[in-house]
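Undergrad: Here is a sequence together with a model predicted from it:
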Number of protein chains: 2
Amino acid sequence: VRAGIVVTGTEVLTGRVTDRNGPWLAEELRRRGVDVGQVVVVGDRPDDLAAALRYLAGSCELVITSGGLGPTADDLTAEVVAGVQGRALRRDPDLEKRITAIVDRLMARLSVARDPEATAAGVRKQALVPGAATVLEPTGTAPGLVVTDAAGQNPPVVVLPGPPRELRSMWPAALEAPAVRSVLAAAGEIRQRTLRLWGLPEAELAALLRRVDDELTGLEITTCLRDGELEIVSRYAPAAEPAHERLLAAVRAEYGDQLFSDDGREVDELVAAALADRGWNVAVVESLTGGAMSARLTRALDDGTSVVRGAVVGREARQETSSAAATSMAQAARDELEAEVGIGVTAVDPADAPATTVHVAVVTPGTERRRTLTYDAPPALLRARVPTVAMHLLREALSS
Amino acid sequence: VRAGIVVTGTEVLTGRVTDRNGPWLAEELRRRGVDVGQVVVVGDRPDDLAAALRYLAGSCELVITSGGLGPTADDLTAEVVAGVQGRALRRDPDLEKRITAIVDRLMARLSVARDPEATAAGVRKQALVPGAATVLEPTGTAPGLVVTDAAGQNPPVVVLPGPPRELRSMWPAALEAPAVRSVLAAAGEIRQRTLRLWGLPEAELAALLRRVDDELTGLEITTCLRDGELEIVSRYAPAAEPAHERLLAAVRAEYGDQLFSDDGREVDELVAAALADRGWNVAVVESLTGGAMSARLTRALDDGTSVVRGAVVGREARQETSSAAATSMAQAARDELEAEVGIGVTAVDPADAPATTVHVAVVTPGTERRRTLTYDAPPALLRARVPTVAMHLLREALSS
């Protein structure tokens, strides 16, 4: 069973907003045995949206749209979907009342001036529903829709709002709509496993995969190199489970030292779990990364079992730039902030050197690890990459 | 003149990597008068890629792909494009030598073990070129291609590598390829202007746009609400410049206080420019945001004229949570780190309260601004939103 996704919004098309709905929906569908092969991003133009819907209808049993359900004139998804599915739009007075109640509550909480006519016009627009559609109750202000084709040719279209929180809370209701249930009933199982390696070139992995290719029949394997991490994702039907086991065994035999995750967990999750296990907290001193190291650790430790006790971010740290200095900084932060783990990141200011030399140090009770790296890349890129290096140093320290 | 973009890679389709090429290419093309209405994201499957190329060929004069040029088996863009354009792949021995030289240099710089056969196989693959294609010299290891249709039916396809840095450095060469030049020669001018407002509900703006709709003929307007900022983008042919002037005048008359940018510049750029003008530096104390405030300012001040002199990130800051405490923290950071501007962000730990109350303070020589906000949202979301509030407080302080 295949599904296609249409993400709407000129702000997504032009990159002002990063789409998070397409991938989220693709994974939700995969878990239910539905394969998503394509995501089409279109701007707020009715013709492009209609063309995308017709294109995906040709190869899919289900189409999902996100966005274009707001109160403004450029929000036109409901109207275009109705057109493609051969359904007329009609006012739903009860729905209009429910949306009005939601908007009233929302406005009461905001301290801004409000134009009642503008609000009412927006609500009227949001309460227009294609004939025979299943209405999905608003989780923000916009209702979602499941719209079947009047001619019975096109697959059903699930129309969801753009804001990720709204879309995600509405999703369970979409799955319960009769038209969606009947598509899902035909779906089999698609397994997906992710292996993660650290410190291995992509070409080496490619060579291994070529060597064992005969044993991997039934696996759809993709590899991806990102900030020094190599990711192997394999998708397969349950019958190919033995082939996946052979892949895992081959990777482990050849690159066991580089394989840091065989269950999809990312380095941030592994670090968070290992810190929580020991009840350890972290202190950070960083220069080049300007808060990015601390922000990333804070995100990783979001459940609050272990915490970033504190961080000092400063250009001063750049004055002393050696791996010994990074270690002293990590040590000092740890002592000062009464944390078990200290992380230090220093760098030679790129203005003073052709390439940037970065020193990373991780100190835990009983261990000290440091690494020096030289990058020929702009600071903006390093601020993403260097925290990944530090995360792996920390992971290694915690697993030793 | 219309162009379509195909972004390839299962890692993009599944959200493990965020595409930055589609929007970048769309804007580059817009600046040359070429309109991009759709971006199709496909996984590493030849059939989906071929279908996407054929779909876009139906409505575009130019198609651009990104990704799928690496050394591994799932990198299949060159082969699929050759098939769709009716061209046979052939080895280009000179290109193979040039790629080998690049890979040799790259490997010499890395300290990892290397399998010469694996490397050679990868290079051989990357040096396969469709007949009659223009080769774009590698800026990483992969060459790009401009492939015309043997039958003269499909538009030319520009094949670019996936890594954004490689794609961007290759782009000027792509623009010089004869097939691309002749498409661009037919393009007119597409203007685009962006207005940004702070603190205005989207429905209010929608009402204004409806009221002046008659005066805006020729403008394609999209609005987008993001972290409390409202963005109005209008696209138009040069003949509609007066209509854009009317839009700007209407927004300024009605919402002059909320309009903070009429030339597309973002709040981060405005703050960076205002700080650089005065030669002021910044110090930060933050709790809830865990380094995100400091990281964002560091990014914004990337040119180094003004700097984040330092930041203190700590959970301790959460103990004292009032807007007066945020102001004292900002003041103390400023004094301690010898900066002109101090920023303080404190919050009541969401574990202790139903909603999160956040206090933001900005202190500059002679001014003090503070704001208290209550959010019913998870900490992960606040870490993105709160720095935007602080940036606007800082912008207001700097423009007063």
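TA: Okay, I see it.

Undergrad: Run a quick neighbour tally on residue A:399.
TA: 10 (other Cβ atoms under 10 Å in any protein chain shown). C-beta coordinates here come from the backbone N, C-alpha and C atoms, glycine included.

Undergrad: let me fix that: residue A:279
TA: 9.

Undergrad: Quickly find the element holding the residue nearest to it when sequence neighbours are not counted.
TA: Leaving aside its sequence neighbours, residue A:279 sits nearest to residue A:306 (Cβ to Cβ, 6 or more residues apart in numbering or on different chains; 7.0 Å). Using DSSP states H and E, residue A:306 sits in no helix or strand.

Undergrad: so what's the residue sitting furthest away from the middle of chain A closest to, chain neighbours aside?
TA: Relative to the centre of chain A, the most outlying C-alpha is that of residue A:117, 38.0 Å out, by Cα atoms, centre = their mean. With sequence-adjacent residues excluded and distances taken as Cβ to Cβ, 6+ apart, residue A:117 is closest to residue B:207, at 6.8 Å.

Undergrad: On the three-state scheme, the one you found is what?
TA: Secondary structure for residue B:207, judged by DSSP: H, G, I helix; E, B strand; the rest coil, is helix.

Undergrad: Would the helix or strand harbouring residue A:393 count as contacting chain B?
TA: Using DSSP H and E, residue A:393 sits in helix A:379-399. Yes - using Cβ under 8 Å from any Cβ of the partner chain, helix A:379-399 reaches chain B at A:379-381, A:383.

Undergrad: count of neighbours near residue A:207?
TA: 21.

Undergrad: Spit out the contact partners of it.
TA: By Cβ atoms under 8 Å, 6 or more residues apart in numbering or on different chains, the contact set of residue A:207 is B:115, B:117-118, B:121.

Undergrad: Highest neighbour count among the residues you listed?
TA: residue B:118 leads the contacts of residue A:207 on contacts (other Cβ under 10 Å) with 21 neighbours.

Undergrad: Quick one: residues contacting that residue.
TA: Counting by Cβ under 8 Å, 6+ apart, residue B:118 has contacts A:203-204, A:206-207, A:210.

Undergrad: Let me know the closest of these to chain B.
TA: Nearest to chain B among the contacts of residue B:118: residue A:207, at 3.0 Å, using Cβ to the nearest Cβ.

Undergrad: Would you mind measuring from the closest one to residue B:254?
TA: Taking Cβ to Cβ, to the nearest Å as the criterion, residue A:207 is separated from residue B:254 by 64 Å.

Undergrad: Which member of the contacts of residue A:207 is positioned nearest chain A?
TA: residue B:118 (3.0 Å).

Undergrad: and the stretch 101-250 of chain A, which of its residues are near chain B?
TA: So far as Cβ under 8 Å from any Cβ goes, the stretch 101-250 of chain A lies against chain B at A:110, A:112-115, A:117-119, A:121-122, A:165, A:199-207, A:209-210, A:213, A:220-224, A:226, A:231, A:233.

Undergrad: Go again with 7 Å.
TA: Counting by Cβ under 7 Å from any Cβ of the partner chain, the stretch 101-250 of chain A comes close to chain B at A:110, A:112, A:115, A:117-119, A:122, A:201-204, A:206-207, A:209-210, A:221-224, A:226, A:231, A:233.

Undergrad: from those residues, which would you call buried?
TA: The neighbour count (16 or more other Cβ atoms under 10 Å in any protein chain shown) marks A:118-119, A:122, A:201-204, A:206-207, A:209, A:221-224, A:231, A:233 as buried among those.

Undergrad: Let's see the helix holding residue A:393 as PDB, backbone CA atoms only.
TA: Below are the C-alpha coordinates for helix A:379-399, written out as PDB (Å, rounded to 0.1, in the frame of the first residue of the first chain):
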ATOM      1  CA  PRO A 379      32.300  28.700  12.000                       C
ATOM      2  CA  ALA A 380      28.500  28.300  11.300                       C
ATOM      3  CA  LEU A 381      29.200  24.700  10.100                       C
ATOM      4  CA  LEU A 382      31.600  23.900  13.000                       C
ATOM      5  CA  ARG A 383      28.900  25.000  15.500                       C
ATOM      6  CA  ALA A 384      26.900  22.000  14.300                       C
ATOM      7  CA  ARG A 385      29.700  19.500  13.900                       C
ATOM      8  CA  VAL A 386      31.800  20.100  17.000                       C
ATOM      9  CA  PRO A 387      29.000  19.200  19.500                       C
ATOM     10  CA  THR A 388      28.600  15.900  17.700                       C
ATOM     11  CA  VAL A 389      32.300  15.200  18.300                       C
ATOM     12  CA  ALA A 390      31.900  16.100  22.000                       C
ATOM     13  CA  MET A 391      28.800  13.900  22.200                       C
ATOM     14  CA  HIS A 392      30.700  10.900  20.900                       C
ATOM     15  CA  LEU A 393      33.600  11.600  23.300                       C
ATOM     16  CA  LEU A 394      31.100  11.700  26.100                       C
ATOM     17  CA  ARG A 395      29.400   8.500  24.900                       C
ATOM     18  CA  GLU A 396      32.800   6.700  24.800                       C
ATOM     19  CA  ALA A 397      33.600   7.900  28.300                       C
ATOM     20  CA  LEU A 398      30.300   6.700  29.600                       C
ATOM     21  CA  SER A 399      30.500   3.300  28.000                       C
END
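
Undergrad: Which residue ranges of the stretch 1-150 of chain A form strands?
TA: Taking DSSP state E, counting those that start in this stretch as the test, the strands found in the stretch 1-150 of chain A are A:2-8, A:35-42, A:62-66, A:89-91, A:128-130, A:134-136, A:144-147.

Undergrad: quick one: which of those strands is nearest residue A:324?
TA: Closest of those to residue A:324 is strand A:35-42, at 48.8 Å (criterion: Cβ to Cβ).

Undergrad: Give the partner strands of the closest one in its sheet and their orientations.
TA: When pairing is defined by DSSP bridges, strand A:35-42 lines up against strand A:2-8 (parallel), strand B:35-42 (antiparallel).

Undergrad: still on that earlier bit, pLDDT added to the residues of helix A:379-399 next to chain B, as a markdown table?
TA: Formatted as a markdown table, the residues of helix A:379-399 next to chain B follow (pLDDT from 0 to 100):
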| residue | pLDDT |
| --- | --- |
| A:379 | 79 |
| A:380 | 81 |
| A:381 | 82 |
| A:383 | 85 |
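
Undergrad: In ChimeraX, how would I select the buried members of these?
TA: Restricted to buried positions by 16+ other Cβ under 10 Å, the ChimeraX selection for those reads:
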select /A:379,383
